[in-house]
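got a predicted structure plus its sequence, pasted below:
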Amino acid sequence: MTTATKPLLNANSRDRAGKGASRALRREGKVPGVVYSHGKEAQSIALSANEVTLEYRRGRFRSRLMDIKVDGKIIQALPKDVQFHPVSDQIEHVDFIRVEAGQSVRVQVPVKFSGQEKCLGLKRGGVLNIVRHEIEFTCKPEAIPASIDLNVSTMDIGDSIHINDIKLPEGVAPVIKRNFTVATIAGRSSADEEKPVAAAEAAATPAAGAAAPAAAAAKDAKKDEKKK
């Protein structure tokens, strides 16, 4: 399990709001945004469009704690919502949630799998069934995992991994309290096993059907010879 690194986004505070002001910012290569805080007034900011787009393309944008440098002051925040242009898909607005020191946060962490090439269950014809591609955790900002890394090399058909089987860092806890399934190695279904048999039977049927007219034609030929 790896820990997420914290990127830095440069921003400026902005006083003007509304669609006109936002369009003017975008023409300048900026993205309007808002930083929301618990018990504090929301702060409107303008960020570099290039910086925001780069961080978004790196993935896990909403599960990575970020430092936002606003007018020389650093704000710790988590991206909460991203709005896109309906045609160009360019980022048009970003909402952040300010994270105070010692405050726990809820984040979605991706699950990554390795060891498929050595997995006995997969070699025997099984299938890796991923139940959870992401898991939501509560933790302190500095302990946000970059991913949950699971090795399936020792798993056989019928084996499964539950959340309680995963050793998590101290202070990192799943939001769902029950022992839910993360992944399984499933065997081929009986329907899949019957497909080759059905295909073979279907292929044999036309051949059997074609034999009947041929046999009838041979019988008629013998009758003609006797008449002669």
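Good, I have the coordinates.

any weak-confidence spans in this structure?
Low-confidence segments of the chain, defined by pLDDT under 70: 1-5, 16-17, 189-228.

so what's the residue nearest the centre of the chain up against?
Note on the chain: the residue nearest the mean C-alpha position is His133, at 5.2 Å, using Cα atoms, centre = their mean. Applying Cβ atoms under 8 Å, 6 or more residues apart in numbering, we find His133 in contact with 110-111. Where you see a C-beta, it was placed from the backbone N, CA and C, and this is true even at glycine.

try Glu51
Applying Cβ under 8 Å, 6+ apart to Glu51 gives the contacts 9-10.

swap the cut-off to 6 Å and go again
Residues counted as contacts of Glu51 (Cβ atoms under 6 Å, 6 or more residues apart in numbering) are Leu9.

how is the chain divided into domains?
The record's domain split for the chain, according to automatic domain parsing, is 2-98, 105-186.

the lengthiest strand in the chain pairs with which strands?
In the chain, with assignment by DSSP state E, the single longest strand is strand 73-84. If you go by DSSP bridges, strand 73-84 pairs up with strand 66-70 (antiparallel), strand 91-98 (antiparallel).

now that strand: buried residues?
75-79, 82 (16 or more other Cβ atoms under 10 Å).

and what of stretch 6-16?
Applying a neighbour-count criterion of 16+ other Cβ under 10 Å, one finds 9, 11, 14 buried in stretch 6-16.

closest one to Glu170 out of these, please.
If you rank the buried residues of stretch 6-16 by distance to Glu170 using Cβ to Cβ, Leu9 comes first, at 28.8 Å.

in three-state terms, label the closest one for me.
strand (DSSP: H, G, I helix; E, B strand; the rest coil).

now the helices for the protein?
Assigned by DSSP state H, the helices in the chain fall at 19-27, 49-57, 120-123, 190-227.

if we can go back for a sec, so the longest strand of the chain versus helix 49-57, what angle?
Between strand 73-84 and helix 49-57, the angle comes out at 70 degrees (axes from the mean of the first three to the mean of the last three Cα atoms, to 10 degrees).

contacts for strand 73-84, please.
With Cβ under 6 Å, 6+ apart as the contact definition, strand 73-84 has outside contacts at 35, 61-62, 65-68, 92-99.

now the buried members of these.
Buried among the contacts of strand 73-84 (16+ other Cβ under 10 Å): 35, 61, 65-66, 68, 92-99.

return the residues in contact with Val35.
Val35 touches 43, 77, 96, 98, counting by Cβ under 6 Å, 6+ apart.

could you rerun that using 7 Å?
Applying Cβ atoms under 7 Å, 6 or more residues apart in numbering to Val35 gives the contacts 42-43, 45, 68, 75, 77, 96, 98.

tell me which of the strands paired with strand 73-84 lies nearest to Lys19.
Checking the strands paired with strand 73-84 against Lys19 by Cβ to Cβ gives strand 91-98 as the closest, at 10.5 Å.

show me how far that closest one is from its chain's centre.
With Cα atoms, centre = their mean, to the nearest Å as the basis, strand 91-98 stands 21 Å off its chain's centre.
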